[in-house]
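no FASTA, just this:
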């Protein structure tokens, strides 16, 4: 949303999660559902929230110190990890009670805009540079201009039924065909 918090549609009714009491409201940048049904919400200016039937809880990332409040995207992957991307402060990976910052050499900078998990369990991310994928959070595969990917930030991802990865920037749409 653009300042109204988060809404959930159930049984033809909307439930509003205001998240914080702020005159300017809360801009929710991204949401991700975890296997137990909880919903993570990444906000721009108010940090990370975990939502469930009881309501919304603001979460400080374990071991992250001063957790960045300006979040771009959040992804709860099928391996139980939580990926949190920030505006200018890089990418954080939460595994259990451990949080680590993914080195900027593996994120192509501090501004990671989009996160996506494909059907193979590969987590993709991008910001203002190349498209980067990782299956384990420690080794990374990079695609850039040499692979036909033009410069510019990837803002969103999708996967089609053939397993091809689609990535869109502000100026183009790219398709990455991968072997089965």
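Done, it's in. None of the values given here were measured: they were computed from a predicted structure.

low pLDDT regions in this protein?
Where the chain drops to pLDDT under 70, the residues are 1-9, 15-25, 62-68, 151-152, 179-180.

contacts only, for residue 175.
Residues near residue 175 by CB atoms under 8 Å, 6 or more residues apart in numbering: 164-166. Just so you know, the C-beta spots here come from the backbone N, C-alpha and C atoms, and that holds for glycine as well.

pull out the buried residues from the host helix or strand of it.
Remark: residue 175 resides in strand 173-176, with elements defined by DSSP states H and E. Residues of strand 173-176 classed as buried: 174, 176 (neighbour count, 16 or more other CB atoms under 10 Å).

all numbers from here: first residue = 156
Noted, 156 is the first residue going forward, which turns the last one into strand 328-331.

got the contact list for the closest residue to residue 333 other than its chain neighbours?
Nearest non-adjacent residue to residue 333, counting by CB to CB, 6 or more residues apart in numbering: residue 318, 5.9 Å away. Each residue near residue 318 by CB under 8 Å, 6+ apart is listed here: 273-275, 333, 335.

can you redo those residues as TSV with neighbour count?
Below are the contacts of residue 318 laid out as TSV (neighbours: other CB atoms under 10 Å):
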residue	neighbour count
273	18
274	10
275	12
333	13
335	5
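
so which of these are in helices?
When DSSP state H is applied, the contacts of residue 318 are split such that none fall in helices.

from the residues you listed, which single one is nearest residue 254?
Checking those against residue 254 by CB to CB gives residue 273 as the nearest, at 23.7 Å.

what about the closest one, distance to residue 194?
From residue 273 over to residue 194 the distance is 21 Å, taken as CB to CB, to the nearest Å.

residue 301 too?
Residue 301 is 38 Å from residue 194, by CB to CB.

residue 321: neighbour count?
Residue 321: 14 surrounding residues under other CB atoms under 10 Å.

that one and residue 310 touch, don't they?
No: using CB atoms under 8 Å, residue 321 is not in contact with residue 310; the gap is 11.8 Å.

now do the buried residues in stretch 232-248.
232, 236-242, 244-248.

list the contacts of it.
189-190, 195, 197, 199, 203, 216, 219, 223, 225-231, 249-251, 254-257, 259, 262, 264-270, 272, 276, 278, 280, 282, 292.

what sits closest to residue 283 if chain neighbours are left out?
residue 308 is the one closest to residue 283 (CB to CB, 6+ apart), at 4.6 Å.

now residue 186
In this structure, residue 186 finds its nearest non-sequential neighbour in residue 196, 5.2 Å apart by CB to CB, 6+ apart.

what about that neighbour, helix or strand, and which?
Using DSSP H and E, residue 196 falls in strand 194-198.

dig out what residue 199 forms beta bridges with.
Applying DSSP bridges to residue 199 yields these beta-bridge partners: residue 225.

run me through the strand neighbours of the strand holding residue 196, direction for each.
Note on strand 194-198: by DSSP bridges, its sheet partners are strand 183-188 (antiparallel), strand 203-207 (antiparallel).
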